[in-house]
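# next one to model:
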Amino acid sequence: MRHRSVFAVLLFGISLPFIGCNPRHDTDAHEQEAYATQPKPAPVATPLSLRDTLQLLAQQLDTVHRDGCWDEDFARLMTVHHAGAQRLAAVEISRGKDSTLRELAQHVLKGHARDNHVLTLALTKQPPKGQEYRPGNTKDPFVRRITAALAPLRQPPPTPGPLDADFATLMQVHHQTGVALAQVELAFGKDAELRDAARRIVGDEQAEIKQYQRWLKTNTTK
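Numbering: from 1, shown residues only. Have a look, this model is predicted:
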């Protein structure tokens, strides 16, 4: 089926390939397999509220498997993070009324699908040798940067409604954490394709944050 339930998307987020830091050869077969098995980014049923969707994303990111490899662990985390944006966008498309925000939501679905293809393929390629950090070491610089990047997801701002305004508000939080996560990859990562993806994510999501800010300034009163 092309359209999967939210629960199928959630399960994907916590079941990305458990690829270790040992080298493996990158083959056409691996790429074809990755492309065939990556999740379809089409809008899905959205029983959760926007706020619950964002908080669920924060919980889901805690369950992402980490090997201790900078590039691979970034790719896993960002794939799950992107899936959260796609679920938020699906809520706006399903229930939102503002045409500008609905168009932005469609842009999120398309752009994140493109990024997820790159991220998923990166997980099939030859990873670095050996463990680069210990995921359980809270004093490790990479761990600390990742934790700080994702922290705003745990305390989202008030969302009194209407839904369009809540979407613009929470997507800013989502994108701010996405930018911070991509900047961690730029600080530590070595894979050229992933670093290019991280730069694109930073540029795209910073631009979208400004669009949400402009919309809120124009369409809400204090």
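# and Leu101, how close does it get to Ile93?
Per Cβ to Cβ, to the nearest Å, Leu101 is found 9 Å from Ile93. C-betas here are computed from N, CA, C, even on glycine.
# same question for Ile146.
Ile146 is 30 Å from Ile93, by Cβ to Cβ.
# more neighbours: those two, which one.
More crowded of Ile146 and Ile93, by other Cβ atoms under 10 Å: Ile146, with 24 against 18.
# is it true that the more buried one touches Gln183?
No: counting by Cβ atoms under 8 Å, Ile146 stays clear of Gln183, with 10.7 Å between them.
# list residues touching both of these two?
By Cβ atoms under 8 Å, 6 or more residues apart in numbering, Ile146 and Gln183 have no common neighbours.
# helix or strand for Leu88, which one?
Using DSSP states H and E, Leu88 falls within helix 70-95.
# mind listing what's buried along the longest helix seen in the chain?
Assignment by DSSP state H gives helix 192-219 as the longest helix of the chain. Neighbour-count burial for helix 192-219, counted by 16 or more other Cβ atoms under 10 Å, picks out 194-195, 197-198, 201-202, 204-205, 208-209, 211-212, 215.
# for Trp215, what are its contacts?
Trp215 makes contact with Asp98, Thr100, Leu101, Ala168, according to Cβ under 8 Å, 6+ apart.
# what's the end-to-end length of stretch 145-163?
One end of stretch 145-163 to the other measures 32 Å (Cα to Cα, to the nearest Å).
# pLDDT (mean, whole number) over it?
Per-residue pLDDT values across stretch 145-163 average out to 94.
# before we move on, what about stretch 86-103?
95.
# kindly report the same for stretch 57-66.
94.
# switch to numbering from 53
Shifting the count to begin at 53 puts that one at stretch 109-118.
# measure it end to end?
17 Å.
# which stretches of the chain have low pLDDT?
Along the chain, the model assigns pLDDT under 70 to residues 53-99, 178-181, 273-274.
# recalculate using a threshold of 50.
53-72, 74-98 (pLDDT under 50).
# the helices in it, which residues?
Counting by DSSP H, the helices of the chain are 58-65, 80-89, 102-114, 122-147, 151-174, 193-202, 215-240, 244-271.
# now those helices in CSV, with distance to Pro208?
Shown next, in CSV, are the helices of the chain (distance: least, Cβ to Cβ, whole Å):
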stretch, distance to Pro208
helix 58-65, 18
helix 80-89, 32
helix 102-114, 5
helix 122-147, 11
helix 151-174, 17
helix 193-202, 12
helix 215-240, 5
helix 244-271, 14
